[in-house]
Structure formats: C-alpha cells, structure tokens
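Trainee: Fold the following for me, if possible:
(chains A and B)
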Amino acid sequence: MTRLIVRRLCEAVPVLFVIVTLVFFMVRLAPGGPFDTERKVSPEVLANLQAYYGLDQPLHVQYVRYLGQLLRGDLGPSFKNAGYSVNELIGLGIPVSLELGLYALIIALIIGITSGVIAALNQNTAHDYAPMVLSMAGICIPNFVIGPVLALIFSLWLGWLPVAGWEGPASKVLPSVTLGVAYAAYVSRLTRGGMLEVLSQDFIRTARAKGMSEARMVLRHALKGGLQPVISFLGPAAAGLLSGAFVVETIFQIPGLGRLFIQSAFNRDYTMIMGTVLFYAALILLFNLVVDVVQSRIDPRLRER
Amino acid sequence: MSLSLKSFLIILALLIGGCSQTADRALHVGNGTEPQGLDPHLVSGVPEHRILSTLFEGLVDLDPADLHVIPGVAESWDVSDDGTRYVFHLRENARWSNGDPITADDFVYTWQRMLTPSLGAEYAHMLHCIKNAKAFNEGAITDFSQVGVKALDARTLEVVLNNPTPYFLSMQAHSAWYPVHKPTIEKFGRMDERNTKWTRPGNLVGNGAYTLKRWVPNNVIEVVKNEQYWCAANVKLERIVFYPIDNQQTEERCFRTGMLQLTENVPLAKVPVYSAKQPDLISKDPYIGTYFYRINVTRPPLDDPRVRRALALALDRDAITHNVLTGGQQPARTYTVPDTGGYTCTGGIDYNVAEARRLLAEAGYPEGRGLRTIELLYNTSESHKLIAEAAQRIWKENLGISVSLVNQDWKVYLASQSALDYDISRASWIGDYLDPMSFLECFMSDNGNNRTGWASKEYDALIERATRTSDTGARHALFNQAEGLLLNEAPIVPVYHYTRVFLKSPRVKGWHSNLLGYISFKDLSLEEEVP
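Mentor: The predicted model follows:
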C-alpha cells in the first residue's frame, strides 16, 4: 500500500510539470495581455508595468524564473488584485471551496445512495421509476437554473434562507444543495446499477435463503459491493465539485476558488491562472489516489494489481 | 405530520437565519467587481473609485448636487490671472486617520510617487498638466524639484501648470489625485513598489470620512466612520459595506431581500418591470459616457468618409434606445455628452436615411450594391449583442448593407481593436472629469484611445489650441469645431449617451444624481426600517 502511494506521488511530479509548462505557454499565446484595458495605457507606463512584473524578459527566462519561484512555493503576485499574492488569494478561497464541496458531496451521497438503494430493491416498480426520473431531471437541469429557482422559493418568497453570501450556516444551505443535486443524481443511478448487479449474485441468494433480514443483508453485504461504482466516481466528483463550483459561487456570491479561476482567465492574470490550474491539478491527482487506496481497501480483487 | 415538519423547518430557519439578521444602520452597497486594489495610484475603475472616495479626500471635493468644486483638504485657493499657478491653503484640522496632520509635503510626496515611472501608474497622465510632470513621468528628467509642485510651508501648496487648465480643480476629485501617507507607504515597501501590504485593514492610513475595517477579497469591504476626519460631526452613516457582486441577477435578488440598499446595475430584462411596477426603486441617472461604434478607416470600403457618414446617418438611434435599452438612455447625436462642463456640440448627426442613401450611391454603392459584408465586432455581453443585432437590421433595411456580427471575449476584443483588426467595433467612453477635453483628446492622431486609424492634422491643431486657451467661450468654440470635424469624417458612430441604471432603497436619504455618477457617501443617511 505504501509503495502504491509513494509510486503515485512520484508519478504526479512529471504530470504537474507538464501541466505547468503547457499552461505557462498557452496563456501567453492567448490574445490580449493582463494590462490591456478599455483605456489605453501609455507605452511608457506599459513598459514600466511589464518590467515590474518581469514580462519584458524573453519567454524562456520568464519560464525558468517562474519554475524557480514555484520551487520556493511562491506563486507570485496577482496582476489584477494588486496588494494580494496568488498564494494568499488561493489560501482564502480554499477553505470556502472545500467547505462548499464537502457539504455538496454529503448531500449528494445521502440523497443519491438512499434513493439508489430504494430503486434497486424495488426494481421496475413505482419506487424505482420515481427516483430515476427525478435523478434524470437532476442531471439534465443545469445548476444555473436550479440555483435561482431555489433562491426564488426559499429566499424571496418564503424568506427562510439568505439569498447570497457565505456567512453563517443558513447561507450555506442553498449553494450546497444546488451544487449537490446534480451529483446526487449521478450517485443515485450508479448506486442502483451497482446494487442490482450485487443483488443478483449467489451470496445474496444464500443470505436470503438463510433468513437474513433484508435490512441487514443490504447494509452488511450488498452495499459493500454495490457502492463500488460510486466510490470510483467519488474522485472525479470531488474534483468536479471543487473546480466546477464557479456557477454556484457566482449565483450565491461565494468567495471560492471557482470564481478566482474563471475571472483570472478572463483577466489574463497569468500568475493567478497558473496558481489555480496547478492547485486543481494537484487536487485531482490527490483525489484519484485516495479513491484508489479506498477501493483497494474495500475490494480485495484490486489489491493484487 | 406534515404540519409538524413544516413548523420544525420554520423554527430551524428562524434559528439559523436569525444570526445574520442583526439590526444595523449600515449602508450595504453592490459594487460591481472586486477592486483591483485600494492604492489610489494603482487603480483605474469606477468600483475602486467609489470605495476610495470614502477612504481618501483630495484638495477639493465636488458638490454632488451640481458638481461644483467645494473645499476638501484645502479650505481655500488662489489662482493667478493667467490660470497657470494655483496656491492651496490646507485646513488646520485636516488629519490622517492616525491623527497625523496633513501637510503640503504630503501632496508633494504623493504626486512624486504617482509620477515615478517605475511605479507604472496608469492614471499618471492625469497629472501631466502640471509643469514638467510629463517629462518626469516619462523619465526625461529625474529631479522632482523641477516639477511644478512645491510646499511653500506646511499648510501652503503651490502648483504650476503648463497651460491654463479650466478643469484642473474639478479633476482633483478623481482618486488619481488623492494624497497618500508617506510613513505608511514606506513602512511597507519602497515608494514605487506595487504589491505591498499598506492597503490592508489595520495598515491603511487615509484621510477620508471613513477608514478601512475589513477587506475579504471577492467577498466584502467594510469601512467605518473616521473620527479624525475634519468634518466627522456631519458624517451620518456609521458603516458602509461594499460587495463585489458581478452577477446582476444575484445583485438584484440581494436588493429584493433587503441585503443591499444600493446596487450597481439592474439586469436589462428587469428594467421595464421595475419601471412599470416599482418606479420609486429604480434610478436612471444621466451619466457622462457615450456608447459608440468605431470604424476602422484603414479598411476599404470604410476608408471612404461617405460610406462612414452614410452608416452614421442611417442608424436609427431612437429605435435602439426605446426598444432595446429602455433605461432612459438618450440617443447620441454627438460624441461628447451634452452639457459636459457647460459644453454642448451644435453639429450633431441626425437620422437621415435619404441623405445616407445618396452618400452611399455617390461612393459607388447604390442601395448597398457592390459593398462587401461588413463585420461588426462586440465583446461578450447580452446588451451589446442586442444592440448589434438592432444595428445590423437597421443598416440592412435602410442602406441594404449586409453586416455580420462577431463576438469576442473582452481581452481578445481589446487586442483586435488595438491592432485595427476589425471593420466596425463597439466602444464606449466614460469621461474622467467634467470637461469636453476628457472625450475629445481621445481622437487626436497619436492618442492610444483613438483605435480607428483616423488621423487629422486639423483636428489635432484645434485640440492643441483649445489646451492653450483659457477663455471658456473660445475654448468651447474650438471644441465645437473639432467635434464637428470628427462627426463629419465619421471614424465613429455615436449610438447613445449612458444612464446609470440602478436600484436604490427609499430609505437612502441625501442622495443627489449627477452626471459623473459621483456618490458623496458622507452626505448620505439611512432611514430607520419600518417594521
């Protein structure tokens, strides 16, 4: 197990290096620069600005400098937000994004697994069709529709929950639900599929034949195998919840990483783009590793590989 | 069962919702985007300016009712007869927020910092009217004592200008001129260092009616009353909270729940709804800005002034403002907003399809025949798209010209404009100060904001002459002549003059609408909420 972890961490280094290199050159190829504004900056000022941020240097020099900075853990100053470093801005966004992602994931798992199990146990009845139709709706309706509709009902009409912001537990309900719903739908369908496969197997029939209660059978035996597809989905889901929260963050005015990431791309804030991409890449690699470890723990068949 | 569940939910919502519903008398303001920063020398946008105007104060201020110049840090000033020498007398009780007195040297230091080339201040050009300021800013001279700013004593500041600049005083209200506190700047870095921590809460020392209490990037900026401010007794609001809400729908929902009392925008689709149902909440203030189309005069057939003029004459601006925008915007017959510093251009463009058709035929394209498809470029935005579609249809109907629409992301669009890689491009200009110069200097041949390829020696000469003229009537006559030339040659097609459309709670008192969109927060108050 330790060998697996060490090997995967070592493999991550070249992957991140390739990502850094690609992104570094790609953002500089995009038309427009960080200091292009509606109001044209005079050539002298532009030259001074570029000199200040080292953008006057040849590209390869900038690249080597950036790598040097990176090794020291310094992601540089943000071009757009003068006075804040990229490290600081990402540092401020991480706890918010992690919290939002965690709540959304919990919601997704609770709703998804419950409805998936119910559907599987009642295959081809109303209790199967209803959650599956709902989950299809959950997958199809984008969160930029769900978010405003929830805000309209629970904030504007009922006045129960704050309409935006990220302060206090009440403000966190709507964004977490909005973000979690689409993933709940996926989890529900995956759970149903996994459970159906397991429920048709011999050991389940044996357990039933021996008179084991349905609840005990599901919780002790079937779920372990039935949740396999859900667990492999967790890695990409967690990464998606963190990096894909841009829309939800915008709708509910949440100071998370997603908005930083998208805005930095629009602003050509090179250092911020690099910083956020790198952070997301590292996170995705980490989540995939965690999922592999968890999976090999649960499923002995995977351990030999 | 369902009833008890419902009551449980209500109690739960009250419990958790109750925490954030504290009764406070703070003004909550939707402020567009996250500010680039709070260093007055390093920012350029309106959201930044709005926050900075609470934290700092210039030598003079503007009366929000009619924008006339009123005393700020300076309690009075003398102007020489030729209008090139100003002597400011600073107030005795003007203090920094840490209690230090504000001295004339603070202004000398501030403007030296602003003009230091290595700082790369984008708005340094605003100070170029000061003698030798341009040379210092461009590195031609390095001795700041040659620049026309001098502290005659601790409370007297002398400024010498290159030319009589009638808007010099009103320009002082712009954040580019705000003083900064030398010990604070130098405690956190060099004078010309950009990314220091001096603007953080706890560090920032300002001289405005408010001080910085809290700044969480992308979340909130909170300012509280500054007891050291010379006029603190008259400042009514204890607290102002600015939110960088860039999504207009989110902002509007925040306003509806009472989380905001003032918004930056209103979603286009909601403008007619508010206008019809709650007209007391929506404001449509005239604003010193013009929405126009640039024409790339280097590309045939648009290199022919007759074709450009035909486009300008055939654009039905009334249809656009009435049917597309609905926010009280005025159709623009001229480039400069009417009554900018008392100036209104007399030779505007009228809607005249017959004349437009005649010019187009004269240029060799009767009824648009033989004219290639013209591309109209705009940056991604719902309203730009709607206006472009309207213009496309109008030009097709009136002139038979085919226009194709090209949509680019903001930075790509800016790059295309600068490289003259377009046929017609959406553009806008917001005046920095209340003088036609703020608009008209853009179209001088070597101005970076021209971006049409149009160059006219005659136009340049007229504007140059206006800079050297101190008599208002003569100056405005020169501007009028220049603008007439610009509109006749038509490297631009004015579309409409902006309005600032926003939502304001009736609880906000002491409000004045003005052309600059200047909000004097220290004059505002908030009425108690009716339960």
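
Trainee: pLDDT averaged over stretch B:273-281 - what is it?
Mentor: For stretch B:273-281, mean pLDDT is 95.

Trainee: oh, I was asking about stretch B:327-343
Mentor: Per-residue scores along stretch B:327-343 average to 93.

Trainee: Which residues of the stretch 201-305 of chain A lie near chain B?
Mentor: A:250-253, A:255, A:259-260, A:263, A:266-268 (Cβ under 8 Å from any Cβ of the partner chain). For the C-beta atoms, the positions are set from N, CA and C on the backbone; glycine is no exception.

Trainee: Would you convert the residues you listed into a markdown table that also reports pLDDT and distance to A:Ala47?
Mentor: Formatted as a markdown table, those follow (pLDDT from 0 to 100; distance: Cβ to Cβ, whole Å):
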| residue | pLDDT | distance to A:Ala47 |
| --- | --- | --- |
| A:Thr250 | 91 | 35 |
| A:Ile251 | 93 | 41 |
| A:Phe252 | 94 | 41 |
| A:Gln253 | 92 | 38 |
| A:Pro255 | 92 | 34 |
| A:Arg259 | 89 | 31 |
| A:Leu260 | 89 | 28 |
| A:Gln263 | 88 | 26 |
| A:Phe266 | 89 | 24 |
| A:Asn267 | 89 | 20 |
| A:Arg268 | 91 | 18 |
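
Trainee: if you look at those, which of them are in helices?
Mentor: A:250-251, A:259-260, A:263, A:266-267 (DSSP state H).

Trainee: that older thread, list just the nearest of the residues of the stretch 201-305 of chain A next to chain B to chain B.
Mentor: Nearest to chain B among these, counting by Cβ to the nearest Cβ, is A:Pro255 at 3.9 Å.

Trainee: Show the low-confidence segments of chain A, by residue range.
Mentor: Filtered on pLDDT under 70, chain A yields the residue ranges A:302-305.

Trainee: hmm, try it at 50
Mentor: Scanning chain A for pLDDT under 50 picks out A:305.

Trainee: picking up where we left off before, now which of the residues of the stretch 201-305 of chain A next to chain B would you call buried?
Mentor: A:250-253, A:255, A:259-260, A:263, A:267-268 (16 or more other Cβ atoms under 10 Å in any protein chain shown).

Trainee: The closest residue in space to B:Gly72 that isn't next to it in sequence in helix, strand or coil?
Mentor: Once flanking residues are discounted, B:Gly72 sits nearest to B:Asp61: 4.1 Å by Cβ to Cβ, 6 or more residues apart in numbering or on different chains. Following DSSP: H, G, I helix; E, B strand; the rest coil, we place B:Asp61 in the strand state.

Trainee: re earlier: of all pairs in the ones in helices among the residues of the stretch 201-305 of chain A next to chain B, which one is the farthest apart?
Mentor: A:Ile251 and A:Asn267 (20.6 Å; Cβ to Cβ).

Trainee: Residue 180: what's it in contact with?
Mentor: Just going to use chain A. Going by Cβ atoms under 8 Å, 6 or more residues apart in numbering or on different chains, A:Gly180 touches A:103-108, A:111.

Trainee: Chain B was what I was after
Mentor: By Cβ under 8 Å, 6+ apart, the contact set of B:Val180 is B:39-41, B:56, B:106, B:109-110, B:113.

Trainee: So what sits opposite the residue nearest to B:Gly72 in the bridge?
Mentor: B:Ile70 (DSSP bridges).

Trainee: Surely it is in contact with B:Pro71?
Mentor: Yes: counting by Cβ atoms under 8 Å, B:Asp61 touches B:Pro71, with 7.1 Å between them.

Trainee: more neighbours, these two?
Mentor: B:Asp61 (20 against 15; other Cβ atoms under 10 Å in any protein chain shown).

Trainee: In terms of distance to A:Gln69, which of the ones in helices among the residues of the stretch 201-305 of chain A next to chain B ranks first?
Mentor: The nearest one, if we look at those relative to A:Gln69 and count by Cβ to Cβ, is A:Leu260, at 18.8 Å.

Trainee: before we move on, the earlier item: please pick the buried ones from the contacts of A:Gly180.
Mentor: By 16+ other Cβ under 10 Å, those give A:103-105, A:107-108, A:111 as buried.
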